[in-house]
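# okay, sequence plus prediction incoming.
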Amino acid sequence: MKNKQKIFTLEEIGTLVEMNKRKIRFYIQKGLVDRPDGTGKGAFYTHRHLEQLLTIRKWKDAGLSLERIQELIGDENQTSEPGKPIPPPRAKKPGSIEVWSHLYIENGVELHIEPQRSGLTPEQVRTLCQAIVEQYRKIKKEEK
């Protein structure tokens, strides 16, 4: 039995990733998603397209801009683990705004994180902060 790859129509892939056809076409036009295989009415989408759309949705849900997503997709060739892009350093432009997370641990002990540049999701930032606070408390207890 041949190993046949699953193919999807635009409507099917849109349903799977919870996006409308217009948005998918926009992402293709912007170069965020590969063009469909085939042409005209015979055009179809594969698992590769599905993964690309799910990645875009994940990053959009995490608050990344389309500009930032394009940067990340453009650098997917540089990976530490398969499928995990290393976020490139962002070029700062005059007037650009950055959102930082600031964790106050104790007087004189603080942590600053720029989530987008670090490549961390909001959940990962929260987990990191909790782990740091716990570790700091353990160190302070050992000191006493």
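Received the coordinates, thanks.
# buried residues in the top helix by length along the chain?
Among the segments of the chain that qualify as a helix by DSSP state H, the longest is helix 122-143. For helix 122-143, burial by neighbour count (16 or more other C-beta atoms under 10 Å) applies to V125, L128, C129, V133. (Glycine included, C-beta is placed from N, CA and C.)
# the second one and E143, how far apart?
I take that to be L128. Distance, L128 to E143, using C-beta to C-beta, to the nearest Å: 23 Å.
# same thing with the last one?
In this structure, V133 and E143 are separated by 16 Å, where distance is defined by C-beta to C-beta.
# spit out the contact partners of F8.
Contacts for F8 were tallied using C-beta atoms under 8 Å, 6 or more residues apart in numbering; they are L16, F44, Y45, T46, H49, L50.
# make CSV from those and add secondary structure to it.
Putting those into CSV (DSSP: H, G, I helix; E, B strand; the rest coil) gives the following:
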residue, secondary structure
L16, helix
F44, strand
Y45, strand
T46, coil
H49, helix
L50, helix
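# state the pair within those that is farthest apart.
The span of the contacts of F8, defined through C-beta to C-beta, is set by L16 and F44 at 13.4 Å.
# pLDDT check: weakest of the buried residues of helix 122-143?
Lowest pLDDT within these is found at V125 (86).
# and that one, what does it touch?
So V125 contacts S101, I113, P115, S118 (C-beta under 8 Å, 6+ apart).
# tell me where the model's unsure across this structure.
Residue ranges of the chain with pLDDT under 70: 1-4, 75-92, 96-97, 116.
# all helices for it, in order.
Using DSSP H, helices in the chain cover 10-17, 21-29, 47-61, 66-74, 115-118, 122-143.
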